[in-house]
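In: Fold the stuff below for me.
(2 chains)
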Amino acid sequence: LAKTTQPISMDSYEGQEVNITCSHNNIATNDYITWYQQFPSQGPRFIIQGYKTKVTNEVASLFIPADRKSSTLSLPRVSLSDTAVYYCLVGNNAGNMLTFGGGTRLMVKP
Amino acid sequence: EPEVTQTPSHQVTQMGQEVILRCVPISNHLYFYWYRQILGQKVEFLVSFYNNEISEKSEIFDDQFSVERPDGSNFTLKIRSTKLEDSAMYFCASRNGTGLLLPYEQYFGPGTRLTVT
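Out: Numbers count the residues shown, from 1 in each chain, chains lettered A, B, ... in the order given. Model (predicted):
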């Protein structure tokens, strides 16, 4: 499994765009990049997944450069309710376990 | 929107007692998982279950743990003789079998907080 590195914490203000970058230098050819969100005392929630270039859904965008050694989760116009821990996961073991790291604790301030 | 449910939301037990944590995965899902999260720590994988058998388990999932899908809807985690260090939030998750486009999209339940005293 490729090791991931992401900032421990980030602060932002309501209405701003937040970009959280994850490094995964040892990503393998068939690895996917997946992001999860976790609110306090709740289970993680899938946000977005990608393999290369850009993926966008109703919640976020995921930017993956050509070398795939990093990825950036972009949250447009955050609100207070986006305060959570965001996890970057990399792997190709689709049927089985997710391996969570420490995540990035995002605090959105008014 | 379908969701994974877990009961109870909070379980307090004494050391050495057996506990059973229950989960109802999303109805058409085929892959089932248990994870745990000790307070302030990472989410850790315990076990995955597919086609009525364990497909993968972590080092945490020792002989004290077992899983079962007793009927078509429930998925349970049993801890035979609880230890203080088993105190954690336990999350059940499920995934459908046709996740060709989103193979890592697992749906997590709200968790059961287990407190061992």
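In: How confident was the prediction at the most centrally placed residue in chain B?
Out: Closest residue to the average C-alpha location of chain B: B:W34 at 2.7 Å, with C-alpha atoms, centre = their mean. The model reports B:W34 with a pLDDT of 97.
In: Return the residues in contact with it.
Out: Counting by C-beta atoms under 8 Å, 6 or more residues apart in numbering or on different chains, B:W34 touches B:21, B:23, B:46-47, B:67, B:77, B:90-93. C-beta coordinates here come from the backbone N, C-alpha and C atoms, glycine included.
In: These in strands, which ones?
Out: Counting by DSSP state E, the part of these found in strands is B:21, B:23, B:46-47, B:67, B:77, B:90-93.
In: what's near enough to touch B:N28?
Out: B:N96.
In: how close does it sit to A:F63?
Out: Distance, B:N28 to A:F63, by C-beta to C-beta, to the nearest Å: 32 Å.
In: Any regions of chain A where pLDDT drops low?
Out: Across chain A, residues meeting the criterion (pLDDT under 70) sit at A:1-2, A:93-96.
In: Near chain B, which residues of it are found?
Out: Residues of chain A lying close to chain B (C-beta under 8 Å from any C-beta of the partner chain) are A:32, A:34, A:38, A:41-46, A:49, A:87, A:89, A:91, A:94-103.
In: quick one: which helix or strand includes the residue nearest the centre of chain A?
Out: The centre of chain A sits closest to A:W35, judged by C-alpha atoms, centre = their mean, with a distance of 3.6 Å. Counting by DSSP states H and E, the element that carries A:W35 is strand A:32-38.
In: other SSEs contacting that strand?
Out: Applying 3 or more C-beta pairs under 8 Å, 6 or more residues apart in numbering or on different chains; DSSP states H and E, one finds that strand A:32-38 contacts strand A:45-50, strand A:61-64, strand A:84-91.
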